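Novice: Sequence first, predicted coordinates after that:
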Amino acid sequence: MVTKDSNAFFPKFKIPRIFGNRLTRLLDDIEWVTNPCRINYLAQEIVVLRDNLCERFTRNDISFLSKLTEKDLEEDKDEGDEMLEIDRLIKQTEKLSPDVKQSRKVVKSLLDQGNLSPFTLQSRPVYTNYAQSLSLVPLPTALILVDPSSPTFDLIYENCHVMNPGRFYRNGKISYLEYYPGTRTAKQKALY
């Protein structure tokens, strides 16, 4: 199955300096980096990834079949032994908002698989010589996902701080994320 952007190889190489000459003349400390980018700060490893992961997960979504229907779940809520594990998980997450469910799904999929591109090679081709740069083993201290198709979130999973600033421009505001590695905290900021 071939999907949108399936011809776009990953990881992306850095932008040549010639395309940013004007910006380089204005700012001396600019560094054109690859996507994903790894930053080492003292004893921390910070990974920055720009991709439409949530959109890609939605296109390649897997639905889990359950042996129980909703009626059975209501009747058998006291009989937890007969329920499948997926039925228990669905029951626990019913109270969460769709944005929280979506962000948890993205984070859990990436960190549990230990790869920044957990897709088949037909849906997301990877340069095999650079595939090790997509590895998340061992887990980094912080993972900053710049994903405009995903909701804004800031959570910690398996001692890895995962953040997404969301869309850069929305509702007439410019929003961005400030990460403080010293305290391992992030703040969502907005400019009008």
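Specialist: Great, that's in hand.

Novice: and the lengthiest helix in the chain, which residues are buried?
Specialist: Longest among the helix segments of the chain by residue count, using DSSP state H, is helix 98-113. Within helix 98-113, the residues that qualify as buried are Gln102, Ser103, Arg104, Lys105, Val106, Val107, Leu110, Leu111, counting by 16 or more other Cβ atoms under 10 Å. Just so you know, the C-beta spots here come from the backbone N, C-alpha and C atoms, and that holds for glycine as well.

Novice: ok, the helix or strand that that helix is followed by: who's next to it in the sheet?
Specialist: On the C-terminal side of helix 98-113, the closest following helix or strand by DSSP states H and E is strand 142-146. Strand 142-146 pairs in its sheet with strand 44-50 (parallel), strand 160-164 (parallel), by DSSP bridges.

Novice: Work out the gap between the longest one and the centre of the chain.
Specialist: Relative to the mean C-alpha coordinate of its chain, strand 44-50 is positioned 11 Å out (Cα atoms, centre = their mean, to the nearest Å).

Novice: Report the backbone C-alpha coordinates of that strand in PDB.
Specialist: Listed next in PDB are the C-alpha coordinates belonging to strand 44-50 (Å, rounded to 0.1, in the frame of the first residue of the first chain):
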ATOM      1  CA  GLN A  44      20.800  15.100  28.600                       C
ATOM      2  CA  GLU A  45      19.900  14.000  25.100                       C
ATOM      3  CA  ILE A  46      17.200  16.100  23.400                       C
ATOM      4  CA  VAL A  47      15.700  14.800  20.100                       C
ATOM      5  CA  VAL A  48      13.800  17.200  17.900                       C
ATOM      6  CA  LEU A  49      11.700  15.800  15.100                       C
ATOM      7  CA  ARG A  50       9.500  17.700  12.600                       C
END
